[in-house]
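Peer 1: Need the 3D shape of this:
(one chain, ligands or ions: 1)
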Amino acid sequence: MAESLHVAEVIRCADFAAIKHKDQRRKDPEKTPYINHPIGVAHILTHEGGITDLQVIQAALLHDTVEDTETTYEELVDVFGKEVADLVMEVTDDKNLSKQERKQFQIEHAPHTSHKAKLVKLADKLYNLRDLSRTTPENWTAERVQEYFVWSSKCVAGLRGTNMKLEDALDAVFKQKGVKV
Ligand SMILES: Nc1nc2c(ncn2[C@@H]2O[C@H](COP(=O)(O)OP(=O)(O)O)[C@@H](OP(=O)(O)OP(=O)(O)O)[C@H]2O)c(=O)[nH]1
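Peer 2: All right, here's what the predicted structure looks like:
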């Protein structure tokens, strides 16, 4: 695909995700618009991970649409094709599971995901952990923050060997919080 078509595809994904997440906010006290997160994940991939694979960037922009909005897998297949939709599903939590089951599933599922899905997940974790270092979501105790770091380090363990720049950046964040990797 020509470069201009790649640009157009990326903008189509950003527009789709912005519309889907339009009423959502992050959990930080400033109530940052939710769309900042998927765009930030895509930005980490391009600018820190050196990733320009179109499907990876598309999946990063769309990665929370099925999990957190009324978007369906079938809709993503229709609009962006099966490969991108499948990639999004690889990084989508099953909301039918309890929170504890979901957290455990992420740890166990991580090593079995595709290389492209691992890239999205590494950048997703890096964004969320940096966000947690920056500010504490409303109603989160210091203990909950620390637990999230420890749980994330277990997820990241199953994603290693994928992208050294992202993994080194994650390790720096874990080190800062005193989390062993
Ligand atoms: N750090 C941070 N996270 C926020 C913020 N606003 C929303 N989130 C989301 O909250 C989730 C983590 O909160 P939890 O209480 O552990 O999980 P839950 O929302 O699924 O119940 C992450 O989503 P997730 O899809 O569950 O990601 P992950 O837990 O799979 O990494 C993250 O994207 C914020 O301001 N800061």
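Peer 1: Could you list which residues are in contact with the residue nearest the centre of the chain?
Peer 2: Closest residue to the average C-alpha location of the chain: residue 124 at 2.9 Å, with C-alpha atoms, centre = their mean. Contact partners of residue 124, counting by C-beta atoms under 8 Å, 6 or more residues apart in numbering, are 41, 60, 63, 91. All C-beta atoms are positioned from the backbone trio N, CA, C, and that covers glycine.
Peer 1: is it true that residue 180 touches residue 153?
Peer 2: Yes - here residue 180 reaches residue 153: they are 7.5 Å apart, a contact under C-beta atoms under 8 Å.
Peer 1: Neighbour count: these two, which is higher?
Peer 2: Set side by side, residue 180 and residue 153 show more neighbours around residue 153, with 20 against 7, by other C-beta atoms under 10 Å.
Peer 1: which SSE is the more buried one in?
Peer 2: helix 142-157 (DSSP states H and E).
Peer 1: Residue 110 - how many residues pack around it?
Peer 2: When neighbours are counted by other C-beta under 10 Å, residue 110 comes out with 21.
Peer 1: Need the nearest residue in space to it, chain neighbours excluded.
Peer 2: residue 158 (3.1 Å; C-beta to C-beta, 6 or more residues apart in numbering).
Peer 1: Roughly how far does the one you found sit from the ligand?
Peer 2: 13 Å (C-beta to the nearest ligand atom, to the nearest Å).
Peer 1: Which parts of this structure are helices?
Peer 2: 3-20, 36-47, 54-62, 65-68, 73-80, 82-90, 99-109, 115-134, 142-157, 164-176 (DSSP state H).
Peer 1: Could you pull out the buried residues of the first one?
Peer 2: To tie it back to what came earlier, the one meant is helix 3-20. Buried positions in helix 3-20, judged by neighbour count with 16 or more other C-beta atoms under 10 Å: 9, 10, 13, 14, 16, 17, 20.
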